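Undergrad: I need the structure of the sequence given here:
(chains A and B)
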Amino acid sequence: MTSAPVLLEMRSITKTFPGVTALADVNLEVRQGEIHAICGENGAGKSTLMKVLSGVHPHGTYTGDIVYQGEQVRFSDIRASEHAGIVIIHQELALVPGMSITENIFLGNEPRKRGGIDWKAAQRRALELMAEVGLQEDPDTLIKDIGVGKQQLVEIAKAFAKDVKLLILDEPTAALNEADSRHLLDLLRGIRERGVTSIIISHKLNEIEAVADTITILRDGHTIESLDVKADGVNEDRIVRGMVGRELHSRFPEHTPDIGEVFFEVRDWTVRHPISADRLVCKGSSFDVRRGEIVGFAGLMGAGRTELAMSLFGRSYGVYLSGQIFKDGEEVQLRTVSDAIDHGLAYVSEDRKAIGLNLLDDIKTSMVAAKLSKVSTRGVVDPVREYRYAEEYRQSLRVKTPSVDEGVTKLSGGNQQKVVLAKWMFTDPDLLILDEPTRGIDVGAKYEIYGIIQRLADQGKGVIIISSELPELIGLCDRIYTVFEGTVTGEVTRAEADPEHLMKQMTSTKKTPIR
Amino acid sequence: MSRIKDLQKNLFGGTTSNARQFGMIFTLVAIVLLFQIWTNGLTLTSGNLIAVVSQYSYILILAIGMLMVIVAGHIDLSVGSVAAFTGIVVAKTMQEFALPWPVGILIGLAVGALIGAWQGFWVAYVGVPAFIVTLAGMLLFRGGNQYIGNADTVPVPEGFRTIGAGFLPEVGPDTGYNNLTLLLGLAACAAVVWRELKSRQTRREMNADPAPMWISVLRMAVMVGVIVFATLRFAGGRVGTSLPISGIILIALVLAYSHYTRNTIGGRHIYAVGGNARAAELSGVKLKRVNFLVMMNMSVLAALAGMIFVARSSASGPQDGLSWELDAIAAVFIGGAAVSGGLGTISGSIVGGLVMALLNNGLQLEGVGSDMVQIIKGLVLLLAVAFDVYNKSQGRFSIIGSLTRPFRRDDPSPPTDRPSPASDSDKAPVAG
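TA: Just a heads-up that it's a prediction; the model follows:
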């Protein structure tokens, strides 16, 4: 395999966004006819690298060279890269649900005849392509009527229709069940036989180990290493070490936990996807939280942690199937968000702009929004009490703003997050679920937020933290649960927390016995 | 510029969204002055002001409900038809069963509530967009009106006409004015002074410096001046006239709904739903209930507006309420509500409605044909909203913008710490 000529070489790619360096001097070398996997934690820069390659980030917005088929290329947009035979299939599929398989395969690439579309030729070619990818369906079937697995195959057929030379798959199996995943991996091997090169980005290390020839590992926007799977004898542990092998800096305030009794417990929580009835997003998950304890939920993107949290929080996500919630030893029913708030739960969402805040509001209105009754008398909001609470939080959380009358859009990400935290602290919760509490926040504000979280725990509240940053969980949490495909797969105490071990449990369904 | 901003803040107690309203008040004043000069003083005569109120009160009542619907992120196209339908039902039942008119009003409100529940059900619990539900309602209830009334007019009894064409009675000593209107004016002046003092106290309790005393005095003086002027005009008309009953109903509704939308939990929830429905839901707001009540309330107000109109024209007909929805929606948007929901005030919508009403009235007094009147109204609406859009493009928050920003996962969004533009001099286009 190593003897094959180099198809693609990306040299010293550096890409910065305002305030963030997404890629720093990244190198990637892909050989003709291989399956090349790119691994890395969330935010390591994998997707950005692929966007640079495919022209989503056009030439000129990054530095470095791309050499493809022996020539230096400068793609100005996606069409240019597709023209050169590079096709990227995103995690969110780019298919039109209301159109047929044939129409989708040739969308934007329709065979023409006398100014119109040659549907006969399209139909014929579609059948050939479908046979190649092993898709057995009527080509007139609408996309919305076939499953995600088959939709994925249509995407690949669509790529073939464009005469693909380099196929890039971003998390192709994230939404697929096991059988569909296996079929897809087999298909990838088949593609390799035909000489098409593919790049696969995946969090599922077992799949990568099974299918990839070469693995390039990215971490924090840097290329860490490139491994030849067969020659180097690569296994999952080896990949994990490359992905997480960074030093943990003391980025966390000193904290001595004062942990009490178990007061919150979830048993066999099972929830299905809101639309597809056969997809379970939480499968029999059980866990507990003690007073004064900070509990982490580790898992990869799409593992179902957010879904779990939101379904607990007044069934805000999916359809509840079974499971119980116990608070202070008694079973509670949390059917609506107000039930959850009344029972002392608070959920700080991962996307504070999309679902955490009303961006039209000012700071004080946002801070009291989740429990207006606390500042109201017979349904009438008292502006004085509202102001005083807001002012109190502004000071204790050090929200940087001239006044609580300012609009929340004027705040930086870290300060907005403090407003959201204040909003939920205002509801006097016993259990706070913080979903990616430091996403998109700079280091200084992170430190402050960690401090706030620890103070909340010191007040005897339970805190659940969902985070994709392992160092954050290890540095902050007293205990960490790992979640994979909607199931809690393991539990680690602070003393035992170690990135490689966590990463292993986060990427496999096998319940590894601990302790 | 910052001094203008301070003054604006002090005079109108405003924070962020009031810039537009501030502009509209000036536009309103400008329109009044313009027409006052143009018509040689005809605009501000007692007779004309009374006519304006009785002619436009039902549109303004609709604007109240429409504001809440639009703030919640919906729209209601059916209000004209609902008003017409309610009118014919009330007129017909009163005629057939010889019911006393108060019962007729209750029946009308009940019809409005039922229709509202029907539309609210589809919007809130089934999830059909309000645009579609009320477009259907527009056809349904227009047809219903003509079905029940046989496309004919049905007269209403004398007593019922009070709510549309009635005036306050003449009581007490002969002062040359309508005494009850004078009393109302006095009460309004007292309320203005009380509110100003109370808001000063509130600001002190919030450890904020209240505005300098002279500003408070100036503000009170301006408002009291306006009220005194209006009172004397309304009280000093032809004997037997006063502030119309429909105007009193309107003022009561404006006060009640302003209080509700500004100060209560329920009102906050409407803004929360319109600002970010998912965030509101995750904060414990009962989304469906809010949407249901907002749609239902709109139809009840439409029913009331319909009855006032029928009372004023003393009969219910098949053409009642045609294109009212457009007037109400225009008033709300001219008054500063955001098309995407979450922003807007009752008082702004009333000002917006008055701008339209006085524009209409002034042009009619001048003998301008309805063709030109419509063209001018159309341009005013367009310019007012264009001004709002322009504001957003200058760096203020825009919902549509935040939704369409691609590749959110990787691209860290740049901080939104732009200085607020608030260029007050830019309000001029709206006046034109």
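
Undergrad: For A:Val87, which three-state class applies?
TA: Recorded secondary structure, A:Val87: strand (DSSP: H, G, I helix; E, B strand; the rest coil).

Undergrad: excluding its backbone neighbours, what's nearest it?
TA: A:Ala159 (4.0 Å; C-beta to C-beta, 6 or more residues apart in numbering or on different chains). Glycine gets a C-beta too; all of them are placed from N, C-alpha and C.

Undergrad: ditto for A:Asn104
TA: A:Leu95 is the one closest to A:Asn104 (C-beta to C-beta, 6+ apart), at 5.0 Å.

Undergrad: Can you get me a residue count around the one you found?
TA: 20 (other C-beta atoms under 10 Å in any protein chain shown).

Undergrad: quick one, phi/psi of it?
TA: Backbone torsions of A:Leu95, given as degrees, to the nearest 10, read phi -120, psi 150.

Undergrad: Distance-wise, check it relative to B:Gly240.
TA: From A:Leu95 across to B:Gly240, the span is 73 Å (C-beta to C-beta, to the nearest Å).

Undergrad: tell me the mean pLDDT for stretch B:209-217?
TA: Across stretch B:209-217, pLDDT averages out at 80.

Undergrad: so how far is the first residue of it from its last?
TA: 16 Å (C-alpha to C-alpha, to the nearest Å).

Undergrad: Next SSE downstream of the strand or helix carrying A:Tyr393?
TA: Element membership for A:Tyr393 (DSSP states H and E) is helix A:383-396. Moving toward the C-terminus from helix A:383-396, the next helix or strand (DSSP H and E) is helix A:413-425.

Undergrad: same for that next one, what does it pack against?
TA: strand A:345-348, helix A:363-368, helix A:383-396, strand A:431-435, helix A:443-458 (3 or more C-beta pairs under 8 Å, 6 or more residues apart in numbering or on different chains; DSSP states H and E).

Undergrad: how about a cut-off of 6 Å?
TA: strand A:345-348, helix A:363-368 (3 or more C-beta pairs under 6 Å, 6 or more residues apart in numbering or on different chains; DSSP states H and E).

Undergrad: Can you give me every residue that contacts B:Ser316?
TA: With contacts defined as C-beta atoms under 6 Å, 6 or more residues apart in numbering or on different chains, B:Ser316 is in contact with B:87-88, B:91, B:154, B:310.

Undergrad: same deal with A:Gly242?
TA: A:217, A:224-225.

Undergrad: How about it, nearest residue that isn't a chain neighbour?
TA: Closest to A:Gly242 by C-beta to C-beta, 6+ apart is A:Ile217, at 4.0 Å.

Undergrad: so that neighbour is in which element?
TA: Judged by DSSP H and E, A:Ile217 forms part of strand A:214-219.

Undergrad: next SSE after that strand?
TA: Next along from strand A:214-219, by DSSP H and E: strand A:222-228.

Undergrad: strands paired with that following strand, and their directions?
TA: strand A:214-219 (antiparallel) (DSSP bridges).

Undergrad: secondary structure element for residue 82?
TA: Since you didn't name a chain, this refers to chain A. Secondary structure (DSSP H and E) places A:Glu82 in helix A:78-83.

Undergrad: Actually, chain B is the one I wanted.
TA: Short version, using DSSP H and E: B:Val82 is in helix B:79-97.
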